[in-house]
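Participant: Sequence and predicted structure below; questions after.
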Amino acid sequence: DEPIDREFWCRRLSKALDYRLCFYRPNDSFRLIFGDSDRIPGLIIDKFSDVIVVQITTAGIELCKDAILDAIEELLQPQAIVLACDSLPRKKEGLELYRGVVRGSVSGLVLADIDGIGHLVDVLNGHKTGFFLDHRCNREMAAEFSKDRHVLDMFCFSGAFAMRAAFAGATQVTAVDIHEPSVETGILTAKHHERSKQIDFIRAEAFEYLSSAEKKWDTIFLDPPSFVRGSKRARRNLSNYRKINTYAMNSLKPEGILITSCCSFHVSRNDYLEVIESALENSDRRAKIFRTGYQSPDHPAIPGVDGTDYLKCFFLKMEN
């Protein structure tokens, strides 16, 4: 019971920033506001170095837009603020879809420092905010199993894991995604770091690519999009997760490593473990789970709040 004004938003954003700075440097990239987890449903704010991308999905937050932008400017003094208000859930609230720079200026791709590696981010035309920050811890752990290995980054988007694997000393990295603009951004990032010979970007449909692949990899990072869009359809749609995991297991060398994940909050951890078990049976392979991963600290989960603990990641060591 308090006024929802500029001071309110300054307090909320300042508190969220203090939390993030427990884990990240001030000039790093991170999610500043994660909706319900920061007690602001309908608002996402990602910081890519000194460029801020804001997603608004509810009519209530849309009404507060100007005060929120003022608070961001006061707190962070960014080079630019981009409103990425083009997600389909806005239609349910009767809101228009739009995207563009609303404060400051930015043109083209943004070079953002993400855990010590510069990534080109398409904040103006990219998917959602332009980059997926939630897997950063899992990518870092997965990179441990890349040195002197042939690595596949499946559903690579703009190649965030591919780049980490390359920096970790992978012999060769294959990065695959169907979305051409994201693949092109990944290619440019690889060129920026002079890793073009080490990373082979391929635009292809994932199921077709893996089902027909003759090559076998030492390590596969499997990060599919959400195949489950509603809880009533969750059980029926798990078949796509089973299929893609089966294909990935069949594409691993003996004793290879699979890092597999699910980003749908409609799929529980136990559900996904059943998917992994079924895929192992389908591929006639055996494996041990030796590590589990979650979303990174800038995407905190709140006990009892559905949807905030959504990212499941399992590290498997194949035995045959």
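Facilitator: Structure's in. What do you need?
Participant: so where's the stretch 151-300 of the chain shaky on pLDDT?
Facilitator: 229-236 (pLDDT under 70).
Participant: Report the beta-bridge partner residues of Leu43.
Facilitator: Ile56 (DSSP bridges).
Participant: Need the contact partners of the top strand by length along the chain.
Facilitator: Using DSSP state E, we find that the single longest strand of the chain is strand 252-262. By Cβ atoms under 8 Å, 6 or more residues apart in numbering, the residues outside strand 252-262 that reach it are 135, 138, 141-142, 145, 216-224, 226, 241, 245, 248-249, 272, 275-276, 285, 287, 293, 311-320. Using the backbone N, CA and C atoms, a C-beta is placed for each residue, glycine as well.
Participant: Which positions in that strand come out as buried?
Facilitator: In terms of neighbour count (16 or more other Cβ atoms under 10 Å), strand 252-262 has its buried residues at 252, 256-262.
Participant: Of these, just say which sits nearest to His179.
Facilitator: Nearest to His179 out of the buried residues of strand 252-262 is Ser261 (Cβ to Cβ; 17.8 Å).
Participant: Relative to Tyr310, how far out is the closest one?
Facilitator: Per Cβ to Cβ, to the nearest Å, Ser261 is found 11 Å from Tyr310.
Participant: Give the closest residue to Gln172 in space, chain neighbours not counted.
Facilitator: Excluding the flanking residues, the one nearest Gln172 by Cβ to Cβ, 6 or more residues apart in numbering is His150, at 5.2 Å.
Participant: Next up, the contacts around that neighbour.
Facilitator: So His150 contacts 170-174, 215, 217-219 (Cβ under 8 Å, 6+ apart).
Participant: of all the residues you listed, which two lie farthest apart?
Facilitator: Pairwise distances across those peak at 14.3 Å for Ala170 and Lys215 (criterion: Cβ to Cβ).
Participant: more neighbours, those two?
Facilitator: Ala170 (25 against 10; other Cβ atoms under 10 Å).
Participant: ok now do that one, which residues does it touch?
Facilitator: Counting by Cβ under 8 Å, 6+ apart, Ala170 has contacts 146-151, 198, 219.
Participant: Check the offset of stretch 7-16 from the chain's centre.
Facilitator: How far stretch 7-16 lies from its chain's middle: 25 Å, per Cα atoms, centre = their mean, to the nearest Å.
Participant: pLDDT averaged over it - what is it?
Facilitator: For stretch 7-16, the mean pLDDT works out to 97.
Participant: Just the residues contacting it, thanks.
Facilitator: So stretch 7-16 is in contact with 2, 32-33, 38-40, 45, 64, 67-68, 70-72, 74-75, going by Cβ under 8 Å, 6+ apart.
Participant: Report the buried residues of stretch 306-320.
Facilitator: If you call a residue buried by 16+ other Cβ under 10 Å, then stretch 306-320 has these buried ones: 308-316, 318.
Participant: As TSV, the residues you listed with secondary structure, pLDDT and distance to Asp50 would be great.
Facilitator: Shown next, in TSV, are these (DSSP: H, G, I helix; E, B strand; the rest coil; pLDDT from 0 to 100; distance: Cβ to Cβ, whole Å):
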residue	secondary structure	pLDDT	distance to Asp50
Thr308	coil	93	28
Asp309	coil	94	30
Tyr310	coil	95	28
Leu311	coil	97	27
Lys312	strand	97	33
Cys313	strand	98	30
Phe314	strand	98	35
Phe315	strand	98	34
Leu316	strand	98	39
Met318	strand	98	43
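Participant: mind listing what's buried in the helix ranked longest in the chain?
Facilitator: Secondary structure of the chain per DSSP state H: the longest helix is helix 234-250. By 16+ other Cβ under 10 Å, the buried positions in helix 234-250 come out as 234, 237-238, 240-250.
Participant: send the alpha carbons of it over as PDB?
Facilitator: Provided in PDB are the C-alpha atoms of helix 234-250 (Å, rounded to 0.1, in the frame of the first residue of the first chain):
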ATOM      1  CA  ALA A 234       2.600 -31.300 -21.000                       C
ATOM      2  CA  ARG A 235       2.500 -35.100 -20.900                       C
ATOM      3  CA  ARG A 236       1.600 -35.400 -24.500                       C
ATOM      4  CA  ASN A 237       4.300 -33.100 -25.700                       C
ATOM      5  CA  LEU A 238       7.200 -34.700 -23.900                       C
ATOM      6  CA  SER A 239       7.600 -36.900 -26.900                       C
ATOM      7  CA  ASN A 240       9.700 -34.200 -28.600                       C
ATOM      8  CA  TYR A 241      12.100 -34.000 -25.700                       C
ATOM      9  CA  ARG A 242      12.400 -37.800 -25.800                       C
ATOM     10  CA  LYS A 243      13.100 -37.800 -29.500                       C
ATOM     11  CA  ILE A 244      15.700 -35.100 -29.500                       C
ATOM     12  CA  ASN A 245      17.500 -36.600 -26.500                       C
ATOM     13  CA  THR A 246      17.500 -40.000 -28.200                       C
ATOM     14  CA  TYR A 247      19.100 -38.500 -31.300                       C
ATOM     15  CA  ALA A 248      21.700 -36.700 -29.200                       C
ATOM     16  CA  MET A 249      22.600 -39.900 -27.400                       C
ATOM     17  CA  ASN A 250      23.000 -41.800 -30.700                       C
END
